[in-house]
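J.: Provided below for reference: sequence and predicted model.
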Amino acid sequence: MKTSARNTLIASIVGMATPAFAASGAENEGSGILLVLFLGFGALIISFQLIPSALLFFSMVKGLLAKPLKESPALAGKKSGKPL
């Protein structure tokens with residue numbers, strides 16, 4: 001009895017949902033010029049932010065992978081403020 005009631009419930013829910021899919025009519029309408037402009041403007045924003053972010057990322061990786069600079073004794077004295 002439980003499986004019969006469950007199957008009937010599932011069939012009635014699926015049967016009630018099908019008219020909503022059949023009556024949409026969205027596939028007949030084309031996208032308007034405003035939608036195309038909006039998507040194009042979004043693509044421009046993303047592409048203009050891609051170049052600076054790539055430069056920042058590669059310079060960060062270059063800085064992390066570079067060998068540390070060795071300080072000479074002359075430069076060390078200048079930093080501390082002591083005369084040579």
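T.: The structure has been received and is ready for your questions. Numbers count the residues shown, from 1 in each chain.
J.: average model confidence for the helix or strand where Leu50 lies?
T.: Using DSSP states H and E, the element containing Leu50 is helix 33-65. Mean pLDDT, helix 33-65: 94.
J.: Buried residues in it, which are they?
T.: The neighbour-count check on helix 33-65 (16 or more other CB atoms under 10 Å) flags nothing as buried. Every C-beta, even on glycine, is put in place using the N, C-alpha and C of the backbone.
J.: Output the contacting helices and strands for that helix.
T.: With contacts taken as 3 or more CB pairs under 8 Å, 6 or more residues apart in numbering; DSSP states H and E, helix 33-65 sits against no other helix or strand.
J.: OK, contacts around Phe48?
T.: Contacts for Phe48 (CB atoms under 8 Å, 6 or more residues apart in numbering) come out as none.
J.: gap between Ala5 and Lys62?
T.: Ala5 is 68 Å from Lys62, where distance means CB to CB, to the nearest Å.
J.: and what of Ile13?
T.: Distance, Ile13 to Lys62, by CB to CB: 59 Å.
J.: What is the burial count for Gly32?
T.: Gly32 has 9 neighbouring residues, counting by other CB atoms under 10 Å.
J.: Distance-wise, check it relative to Phe38.
T.: Taken as CB to CB, the spacing of Gly32 relative to Phe38 amounts to 10 Å.
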